[in-house]
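K.L.:
Fold the following, please.
(one chain, ligands or ions: 2)
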Amino acid sequence: MTDTPPRRLRSQDWFDNPDHADMTALYLERFMNYGTTPEELRSGRPIIGIAQSGSDLNPCNRHHLDLARRVRDGIRDAGGIPIEFPSHPLFENCKRPTAALDRNLAYLGLVELLYGYPFDGVVLTTGCDKTTPSAIMAAATVDIPAIVLSGGPMLDGWHEGKLAGSGTVIWQSRRKYAAGEISRDEFLQTALDSAPSIGHCNTMGTASTMNAIAEALGMSLTGCAAIPAAYRERGQIAYRTGLRAVELVREDLRPSHILTRGAFLNAIRVNSAIGGSTNAQPHLMAMAKHAGVALDPSDWQTHGYDVPLLANVQPAGAYLGERFHRAGGVPAIMWELLQAGLLEGDCPTVTGRTMAENLKNREATDREVIRPFDAPLMDRAGFLVLKGNLFDFAIMKTSVISEDFRARYLCQPGHEGVFEGTAFVFDGSADYHDRINDPDLPIDENSILVIRGAGPLGWPGAAEVVNMQPPDRLLKRGIRSLPTLGDGRQSGTADSPSILNASPESAAGGGLAFLRTGDRIRIDLNQGRCDMLVDEAEIARRRAEGLPPVPPSATPWQQIYRETVTQLADGATIRGADDFRRISATLPRH
Ligand code: FES
Ligand code: MG
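P.N.:
Numbering: from 1, shown residues only. Ligands and ions are numbered 1, 2, ... in the order given. Sure thing, here's the model as predicted:
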């Protein structure tokens, strides 16, 4: 038997480089400032970055500032050395004109940090919506061992004895307020009551969805995603994540081993089963692109549509994060899919075991919240993929189609799934708010509300505005939703069956640019079509008139973003950034 010498770590090129004594001295000396010793840094122990996404500017992730203490304990106990550093804050609810603009900026920043500094591995702290995809995108590009630590959702919110879920309660209250059923003060109080503790949104909005997806991809410890932020298990899994981060370096287990096509298809199926956010579509596309995995927009329909809804969690269901966690969380959902043969169980994961091994004995413990595969909340509950002369790609989340909506639009005898309506077109959300209640705008129950100028180029960043509510006068008559369509996104907490993420967007010359108020639109869910009933010659005539205007860029990054961004169908990534892959294979020069 021969002893293989320990693999030389990346960080040793900085801290223990015999060819560059001068540079080694320079790299070492300033870390002494906070009491680290040269012996530690030169011991050949793995240097583990903690990409800190928490700050006062990201309240959803702020408790990571405390959790990092337990991550450090784990890293130290496993023989590593932690170095914590801030990542670009991404606060969904507050960043104007949209936090989506900053996902690629956070990605770029993290790539530079992970590549240019002496890290052997990294703990990615995630929570609020885009903190998860931006971190995984960067880890995929750099390809050093990486593990996701979710921050976990807030405790369940309650208002007057009823569950009040993040975001979802705002969309509900907005309708009630417009219908004159609640006061402005009650609206505000309900929203405040939905946020009772540290943590991210407690609904299955984009934050919980993306953390579930990180787990489904195999990038976090089993059961990590759903543990509420305030539970003691959250600190415990932070510790275990730190321990495991060091072992990942020793095993040289990298994102490129984990982020396979099988892992992405698993994530798509999990997203359907949890009633996950429509934002999962661009984010998963973006992560796959940077991982070098071929994922096609049609995969959402092929692999994700025919999956039942199993999680009874708002907005598609009734409960919130605490019940979901206690019922078994993401592993219990995946256990159901595995038994049903819908999961690729041999995918490697950060635990060092396969996904199927991770899921042993993970059956749900509360069938009210996590349904058995053969008795789901809804059959075929994934995203429908649509195309036509208005766009080449858009999606519709079927798990939030209400009974009332189904009855009105989808189940007319003889032509189930086909409906036609008159378009009312809004150029951006200001235009919508200015005109939706205009008494001269003849919107009725046969109308389709359309918004454009809300995509990656138009907004810029792609805004969550497609879930437009009907005019107040219709809400007062009990019509709580109309079909909506647009080139923007909608919040993962929204309960609207919108057709969204339309690509190419209006500002990129997509068909939406040539739609006019009064045109008829036909939507055929069976054929996956959505078309304006306008003849080709007329569309050509309108095309010659040019595109609807969009606001100018207000910051340097907005301009750079617009010059580089792809469409939502392709993940709204930075064009060309996916040419850079596994870049840690080469060391940066001194
Ligand atoms: Fe941050 Fe929802 S606003 S998680
Ligand atoms: Mg959002």
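K.L.:
C-alpha from now on. contacts and neighbour counts both.
P.N.:
Will do.
K.L.:
for the lengthiest strand in the chain, packing partners?
P.N.:
Criterion DSSP state E: the longest strand present in the chain is strand 418-427. Judged by 3 or more Cα pairs under 8 Å, 6 or more residues apart in numbering; DSSP states H and E, strand 418-427 is in contact with strand 447-452, strand 520-524.
K.L.:
Out of those, which gets nearest to Pro308?
P.N.:
Closest to Pro308 of the helices and strands packed on strand 418-427 is strand 520-524 (Cα to Cα; 21.3 Å).
K.L.:
Put the alpha carbons of the closest one into PDB.
P.N.:
Output of strand 520-524 as PDB, limited to C-alpha atoms (Å, rounded to 0.1, in the frame of the first residue of the first chain):
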ATOM      1  CA  ARG A 520     -58.900  39.300 -29.400                       C
ATOM      2  CA  ILE A 521     -56.600  36.800 -27.800                       C
ATOM      3  CA  ARG A 522     -57.200  33.000 -27.900                       C
ATOM      4  CA  ILE A 523     -55.600  30.800 -25.300                       C
ATOM      5  CA  ASP A 524     -55.700  27.000 -25.900                       C
END
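K.L.:
Show me what it is in contact with.
P.N.:
Strand 520-524 is contacted from outside by 417-423, 448, 529-534, using Cα atoms under 8 Å, 6 or more residues apart in numbering.
K.L.:
Close to ligand 1: what parts of this protein are there?
P.N.:
For the chain, the residues in contact with ligand 1 (Cα under 6 Å from any ligand atom) are Cys60, Phe91, Glu92, Asn93, Cys128, Asp129, His200, Cys201, Ala207.
K.L.:
Which helix runs longest in this structure?
P.N.:
helix 232-251 (DSSP state H).
K.L.:
Tell me the first helix or strand C-terminal of it.
P.N.:
For helix 232-251, the succeeding helix or strand toward the C-terminus, using DSSP states H and E, is helix 255-258.
K.L.:
Distance from that following helix to the middle of the chain?
P.N.:
Taking Cα atoms, centre = their mean, to the nearest Å, one finds helix 255-258 lying 20 Å from the centre of the chain it belongs to.
K.L.:
residue ranges for the strands of the stretch 401-550 of the chain, please.
P.N.:
For the stretch 401-550 of the chain, the strands defined by DSSP state E, counting those that start in this stretch cover 418-427, 447-452, 484-486, 499-503, 520-524, 529-532.
K.L.:
most tightly surrounded among those?
P.N.:
strand 499-503 (a mean of 30; mean count of other Cα atoms under 10 Å).
K.L.:
To Pro82, which of the strands of the stretch 401-550 of the chain lies closest?
P.N.:
strand 499-503 (39.5 Å).
K.L.:
and the longest helix of the chain, how far from the chain's centre?
P.N.:
Computed by Cα atoms, centre = their mean, the chain-centroid distance of helix 232-251 equals 23 Å.
K.L.:
Please identify the buried residues of the lowest-mean-pLDDT helix or strand in the chain?
P.N.:
Lowest mean confidence among the helices and strands of the chain (mean pLDDT, DSSP states H and E): helix 403-405, at a mean of 74. With burial defined by 16 or more other Cα atoms under 10 Å, the residues of helix 403-405 counted as buried are Phe405.
K.L.:
That one - contacts with which helices or strands?
P.N.:
Partner elements for helix 403-405 (3+ Cα pairs under 8 Å, 6+ apart): none found.
K.L.:
where in the stretch 1-150 of the chain is pLDDT low?
P.N.:
Where the stretch 1-150 of the chain drops to pLDDT under 70, the residues are 1-5.
K.L.:
in it, which spans are strands?
P.N.:
For the stretch 1-150 of the chain, applying DSSP E, counting those that start in this stretch gives strands covering 47-52, 81-86, 121-126, 146-150.
K.L.:
Make JSON lines from these and add mean neighbour count and distance to Ala229 to it.
P.N.:
JSON lines is the format used below for the strands of the stretch 1-150 of the chain (neighbours: other Cα atoms under 10 Å; distance: least, Cα to Cα, whole Å):
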{"stretch": "strand 47-52", "mean neighbour count": "26", "distance to Ala229": "16"}
{"stretch": "strand 81-86", "mean neighbour count": "18", "distance to Ala229": "20"}
{"stretch": "strand 121-126", "mean neighbour count": "28", "distance to Ala229": "12"}
{"stretch": "strand 146-150", "mean neighbour count": "32", "distance to Ala229": "9"}
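K.L.:
how far out from the middle of the chain is the least confident helix or strand of the chain?
P.N.:
Centre-to-centre, helix 403-405 and its host chain are 27 Å apart (Cα atoms, centre = their mean).
K.L.:
Switch the strands of the stretch 401-550 of the chain over to TSV, and while doing so, append mean pLDDT to every line.
P.N.:
Output for those, formatted as TSV (pLDDT from 0 to 100):
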stretch	mean pLDDT
strand 418-427	94
strand 447-452	97
strand 484-486	96
strand 499-503	97
strand 520-524	95
strand 529-532	97
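K.L.:
Export these to CSV and append columns for distance to Leu295.
P.N.:
As requested, those are exported to CSV (distance: least, Cα to Cα, whole Å):
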stretch, distance to Leu295
strand 418-427, 29
strand 447-452, 26
strand 484-486, 23
strand 499-503, 16
strand 520-524, 25
strand 529-532, 21
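K.L.:
For Met23, which of these is the nearest?
P.N.:
Closest approach to Met23 among these is made by strand 499-503 (48.9 Å; Cα to Cα).
K.L.:
list the helices and strands the closest one packs on?
P.N.:
Counting contacts by 3+ Cα pairs under 8 Å, 6+ apart, strand 499-503 packs against strand 393-397, strand 484-486.
K.L.:
which one of those strands lies closest to Ala332?
P.N.:
Taking Cα to Cα, strand 393-397 is the member of these nearest to Ala332, at 22.2 Å.
K.L.:
Averaged pLDDT, that closest one. What do you get?
P.N.:
For strand 393-397, the mean per-residue pLDDT is 94.
K.L.:
With only the CA atoms kept, save that strand in PDB.
P.N.:
Taking C-alpha atoms only, strand 393-397 is exported to PDB below (Å, rounded to 0.1, in the frame of the first residue of the first chain):
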ATOM      1  CA  PHE A 393     -42.300  31.000 -24.500                       C
ATOM      2  CA  ALA A 394     -44.400  31.700 -21.400                       C
ATOM      3  CA  ILE A 395     -45.500  29.600 -18.400                       C
ATOM      4  CA  MET A 396     -48.700  29.300 -16.400                       C
ATOM      5  CA  LYS A 397     -48.700  27.800 -12.900                       C
END
